[in-house]
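Colleague: give me the fold of what follows.
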Amino acid sequence: MLRIFHTADWHLGHHLHGVSRQLEHQRFLDWLLDELHSKQADALIVAGDIFDSANPSSAAQSQLYEFLVKAKTRLPNLGIVLVGGNHDSASRLDAPSPILNALGVIVVGGLSRGDQGNIDWERLLVPLTNAAGEIKAWCGAMPFLRNADLPATARDGESVANGMEPMRPGEQGNDPLISGMKTLYAELFMQLQQKAGNAESLILTGHCYMVNGAVSELSERKILGGNQHALPVELFPDDIAYVALGHLHLAQKVGANEHIRYSGSPIPLSFDESDYPHQVIQVDVKAGQPVETVAVKIPRSVQLLRIPNGKDFAVLPEVVDQLQSLTLEDLPIEQRPLLELRIRLEKPEPGLRQQIEEVIAKLPVRLLKISTAYSGSEKSLADLKIEERLEELHPLDVFQRCYQNKYDKEAPETMNALFNELFESLQGTD
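Modeller: Below you'll find the predicted structure:
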């Protein structure tokens, strides 16, 4: 048997409304190391978005490398596979890979090509061994694929290899971006088959958005020209034993496929994610048998509180009553719950923050945000414009609003896709 731990979307270096999450990440990494040891894991796969930005802080980078050193010191035979996500800089992840590879840590930040433009598939093929040192599986370590990584024939809307039908613009199921992804995964699968023996299982990674995936709008960046380019499950051949996915922060399987899963993020990256079941996936692989998966719950080190709970708003007296009814442990400030208040107002309240701060001063919490909505019109609450902070807006949102202001109409999907392509090309640079 081969035991793999699948995790993703660490987002080291993340800040929530200006508050560092370093303590929460460190508690998670310490817990993960203990779990890898106690459960006798053979391999760890991190499926993208290791860092929160393409230019992570020195503290975030130190946190990653200290974890890797501790993991390889405590578990010398543990195989570790890290792939780049859409938040990561491929070149930054790949830079220390020669040193990390020598330590048994395989890093694939992005696709690399030779002088002739051919992809170096060999660096994506990773043998996974059990405690006895026997190769039990091969992992195709596919990183996040940017538009520039896709085959030129697919980008141009022409026919592609591997028996696919020629592209017809606008035809359902023949999106050139999706076809380009299929082409690359088909090639990787072929390379895996050539490496693996009959008794060795095949594993794939991916950092992408799959059809019908549940998205966390406040913290997940749209990729591949927007979520309209959701990838079909047919991307992954039937012979694949397990697909370790990253990008979506809610742990979930893809459709009815138990072996194609998002592990989800280890900590909530927005208040919308505070009720998510944060976990890592333990995957037991046995040749010729379906994999067995176990969701291992991650303990929450810092609570996220939203009053009222959910996405509703409440009038100020109700919010104050709920605040005063909280029963909270008096913890050190860095461990105190993070709080968002959602208040419905009949009219502007200049003294709102002062009233709230007088109540908060008596409670061991950290107030991060006060969201307000006004209910003095005939519109339903769902139709009201909610106050937003700049850091909550995706660049695509800003572009769409600018377009709306200038042309008095919504930006067409083709324009949105071009904007996202430009944005992702910039994200891939330093």
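Colleague: CA only for contacts and neighbour counts going forward, please
Modeller: Noted.
Colleague: hey, C-alpha coordinates of the longest helix seen in the chain in PDB?
Modeller: Looking across the chain with DSSP state H, the single longest helix is helix 176-195. The C-alpha trace of helix 176-195 is given here as PDB (Å, rounded to 0.1, in the frame of the first residue of the first chain):
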ATOM      1  CA  PRO A 176     -10.000  26.200 -27.400                       C
ATOM      2  CA  LEU A 177      -8.700  26.800 -23.900                       C
ATOM      3  CA  ILE A 178     -10.300  23.600 -22.600                       C
ATOM      4  CA  SER A 179      -9.100  21.600 -25.700                       C
ATOM      5  CA  GLY A 180      -5.600  22.900 -25.000                       C
ATOM      6  CA  MET A 181      -5.800  21.600 -21.400                       C
ATOM      7  CA  LYS A 182      -7.000  18.300 -22.700                       C
ATOM      8  CA  THR A 183      -4.100  18.100 -25.000                       C
ATOM      9  CA  LEU A 184      -1.500  18.700 -22.300                       C
ATOM     10  CA  TYR A 185      -3.100  16.200 -19.900                       C
ATOM     11  CA  ALA A 186      -3.300  13.600 -22.600                       C
ATOM     12  CA  GLU A 187       0.400  14.000 -23.300                       C
ATOM     13  CA  LEU A 188       1.200  13.800 -19.600                       C
ATOM     14  CA  PHE A 189      -0.900  10.700 -19.200                       C
ATOM     15  CA  MET A 190       0.900   9.100 -22.100                       C
ATOM     16  CA  GLN A 191       4.300   9.900 -20.500                       C
ATOM     17  CA  LEU A 192       3.100   8.400 -17.200                       C
ATOM     18  CA  GLN A 193       2.000   5.200 -18.900                       C
ATOM     19  CA  GLN A 194       5.400   4.800 -20.500                       C
ATOM     20  CA  LYS A 195       7.100   5.200 -17.000                       C
END
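Colleague: residues of it that come out buried?
Modeller: 176-186, 188-189, 191-193, 195 (16 or more other Cα atoms under 10 Å).
Colleague: just to check, residue 241 is in contact with residue 203?
Modeller: Yes. Taking contacts as Cα atoms under 8 Å, residue 241 lies within contact range of residue 203: 5.8 Å.
Colleague: ranges for the helices of the protein?
Modeller: 22-38, 58-74, 90-94, 97-102, 152-155, 176-195, 316-324, 352-360, 395-407, 413-427.
Colleague: for the last one, what is the average pLDDT?
Modeller: Same thing as helix 413-427. Here helix 413-427 scores 74 as its mean pLDDT.
Colleague: tell me where the stretch 201-350 of the chain is predicted with low confidence.
Modeller: Scanning the stretch 201-350 of the chain for pLDDT under 70 picks out 216-229.
Colleague: distance between the ends of stretch 333-348?
Modeller: Taking Cα to Cα, to the nearest Å, the first and last residues of stretch 333-348 lie 32 Å apart.
Colleague: what about it, distance to the chain center?
Modeller: Centre-to-centre, stretch 333-348 and its host chain are 26 Å apart (Cα atoms, centre = their mean, to the nearest Å).
Colleague: do the same with stretch 199-218
Modeller: 10 Å.
Colleague: mind listing what's buried along it?
Modeller: 200-210, 213, 215-217.
Colleague: repeat that for stretch 139-150.
Modeller: For stretch 139-150, using 16+ other Cα under 10 Å, the buried residues are 139, 140, 141, 142, 143, 144, 145, 146, 147, 149, 150.
Colleague: what's the answer for stretch 318-329, then?
Modeller: Buried positions in stretch 318-329, judged by neighbour count with 16+ other Cα under 10 Å: 319, 320, 323.
Colleague: which other residues reach that stretch?
Modeller: The contact list for stretch 318-329 (Cα atoms under 8 Å, 6 or more residues apart in numbering) reads 307, 308, 341, 342, 343, 356, 359, 360, 363, 364.
Colleague: cool, stretch 36-46 as well?
Modeller: 2-9, 74-75, 77-83, 128-131, 244.
Colleague: which of those are buried?
Modeller: Buried residues within these, counting neighbours by 16+ other Cα under 10 Å: 2-9, 75, 77-83, 128-130, 244.
Colleague: gap between stretch 293-303 and the chain center?
Modeller: For stretch 293-303, the separation from the chain centroid amounts to 16 Å (computed by Cα atoms, centre = their mean).
Colleague: circling back to that earlier point, pick the one among the buried residues of stretch 139-150 closest to residue 270.
Modeller: The shortest approach to residue 270 among those belongs to residue 144, at 22.2 Å (Cα to Cα).
Colleague: contacting residues for that closest one?
Modeller: 48, 83, 84, 85, 86, 110, 206, 207, 208.
Colleague: thought residue 342 was touching residue 312?
Modeller: Yes. Counting by Cα under 8 Å, residue 342 does reach residue 312; the two are 7.3 Å apart.
Colleague: compare those two and say which is more crowded by neighbours.
Modeller: residue 342 (23 against 13; other Cα atoms under 10 Å).
Colleague: quick one: residues contacting that one.
Modeller: Applying Cα under 8 Å, 6+ apart, we find residue 342 in contact with 306, 307, 308, 312, 313, 314, 319, 370, 371, 372, 373.
Colleague: so which two of those are the farthest from each other?
Modeller: 306 and 373 (15.2 Å).
Colleague: packing partners of the longest helix of the chain?
Modeller: Packing partners of helix 176-195 (3 or more Cα pairs under 8 Å, 6 or more residues apart in numbering; DSSP states H and E): strand 135-140, helix 152-155.
Colleague: need the contacts of residue 342 in TSV with distance to residue 41, can you?
Modeller: Shown next, in TSV, are these (distance: Cα to Cα, whole Å):
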residue	distance to residue 41
306	36
307	40
308	41
312	42
313	45
314	47
319	46
370	43
371	44
372	47
373	49
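Colleague: from the residues you listed, which land in strands?
Modeller: 306, 307, 314, 370, 371, 372, 373 (DSSP state E).
Colleague: which among those residues end up buried?
Modeller: Neighbour-count burial (16+ other Cα under 10 Å) applied to the ones in strands among the contacts of residue 342 gives 306, 307, 314, 370, 372, 373.
Colleague: for the second one, which non-adjacent residue is closest in space?
Modeller: This means residue 307. Sequence neighbours aside, residue 341 is the residue nearest to residue 307 in space, at 5.0 Å (criterion: Cα to Cα, 6 or more residues apart in numbering).
Colleague: look up the closest residue to residue 26, ignoring the ones flanking it.
Modeller: Counting by Cα to Cα, 6+ apart, residue 26 lies nearest to residue 63, which is 7.4 Å off, once chain neighbours are set aside.
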